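A.B. asks: sequence first, predicted coordinates after that:
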Amino acid sequence: MPAYPDVKTPKALADEPADYRHAVEKIVVSHAINELHGARVFDEVAVAFAPTPYWKWLTCRVAMEEYGHHVRFFRLGREIGVPEDAMLPDTSAKRTLSIFDFPLRSWEEFAVIKLVADLAEIIQVEDLLQCSYIPLRNAAKATLPEEKFHAKFGEQSVQEIIETPEGRERAQAALDAIFPSMPAFFGSDRSKNNETYRQFGIKFRTNSEMREDYLARVKRVVEDLGLALPAA
């Protein structure tokens, strides 16, 4: 498939076919609502669960950055004419990701969510690094280092939790509860949206390819910690 030409500005985007504009808008809206909803139901809540001032400090940083991701994509959407209420989870017609339906109850669950869910987010953001819409590509480049920090936060917090046998049991139980919903994070193997994204050079891999990459990477990270992935 020939490369789609770069679209450098919101003004240039307005001249693109409606299907291209809508595809960009869908991705921007998805990031805006999910970054905000995740910050509300996981990261902000987790500050109270953090066991020490050090972890509370780092959790506050994670929450701040997740809110910042929402602000970044919200501004991007506003630049291209997306209605503000479409980019807020309480008023958007788009549903937030099912991972956020998980009722966060403990520090161990939050640590595991950062470990496995933020790795999934990294893979999604990586696929936008060559996006044909340059402002969206730049937003992905700015977001990726922070998502990597969040995944490392998850890895280091789980490492500390599993130092005791009781902690290891709690971490494995959290992994058993959270991980089975993760493969669905990447969407259908026959997604029309993904086909459109690839047609326009907005994304480059199929949902199936990203899911396979995720499963290989998360298996390696989890097994390095001496934990085991449950069946998905």
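C.D. replies: The structure has been received and is ready for your questions. Numbering: from 1, shown residues only.

A.B. asks: who are the contact partners of the closest residue to Arg205 other than its chain neighbours?
C.D. replies: Excluding the flanking residues, the one nearest Arg205 by Cβ to Cβ, 6 or more residues apart in numbering is Asp127, at 5.5 Å. For every residue, glycine as well, the C-beta is placed using N, CA and C. Residues near Asp127 by Cβ atoms under 8 Å, 6 or more residues apart in numbering: Lys203, Phe204, Arg205, Met210.

A.B. asks: state the phi and psi torsions of Asp127.
C.D. replies: phi -70, psi -10 (degrees, to the nearest 10).

A.B. asks: again, but for Val7
C.D. replies: Per degrees, to the nearest 10, the backbone of Val7 is at phi -120, psi 110.

A.B. asks: ok, Glu163 next?
C.D. replies: Phi and psi for Glu163, reported as degrees, to the nearest 10, are phi -70, psi -20.

A.B. asks: and for it, the neighbour number?
C.D. replies: 9 (other Cβ atoms under 10 Å).

A.B. asks: so how far is Cys131 from Glu44?
C.D. replies: Going from Glu44 to Cys131 by Cβ to Cβ, to the nearest Å gives 29 Å.

A.B. asks: look at these two and report which has more neighbours.
C.D. replies: Taking other Cβ under 10 Å, Glu44 and Cys131 do not tie; Cys131 has more neighbours (25 against 17).

A.B. asks: the more buried one is in what secondary structure piece?
C.D. replies: Using DSSP states H and E, Cys131 is not contained in any helix or strand.

A.B. asks: centre-most residue in this protein?
C.D. replies: Glu121 (3.0 Å; Cα atoms, centre = their mean).

A.B. asks: ok, back up a step: which of the contacts of Asp127 lies closest to Phe102?
C.D. replies: Within those, the smallest distance to Phe102 is 20.9 Å, found for Met210 (Cβ to Cβ).

A.B. asks: that closest one touches Ile123, doesn't it?
C.D. replies: Yes - judged on Cβ atoms under 8 Å, Met210 makes contact with Ile123 at a distance of 5.3 Å.

A.B. asks: common neighbours of these two, please.
C.D. replies: In contact with both Met210 and Ile123: Phe186, using Cβ under 8 Å, 6+ apart.

A.B. asks: for this structure, what are the low-confidence residue spans?
C.D. replies: For the chain, the stretches flagged by pLDDT under 70 are 1-2, 232.

A.B. asks: and with 90 instead?
C.D. replies: 1-3, 231-232 (pLDDT under 90).

A.B. asks: from Gln172, how far off is the residue sitting furthest away from the middle of the chain?
C.D. replies: Using Cα atoms, centre = their mean, the residue of the chain lying farthest from its centre is Pro165. It sits 30.5 Å away. Applying Cβ to Cβ, the value for Pro165 to Gln172 is 11 Å.

A.B. asks: kindly report the same for Lys219.
C.D. replies: Applying Cβ to Cβ to Lys219 and Gln172 gives a distance of 15 Å.

A.B. asks: neighbour-wise, which of the two wins?
C.D. replies: More crowded of Lys219 and Gln172, by other Cβ under 10 Å: Gln172, with 19 against 12.

A.B. asks: share the number of residues neighbouring the closest residue to the more buried one other than its chain neighbours, please.
C.D. replies: Using Cβ to Cβ, 6+ apart and skipping residues adjacent in sequence, the residue nearest Gln172 is Leu227, 5.5 Å away. Using other Cβ under 10 Å, Leu227 is surrounded by 20 other residues.
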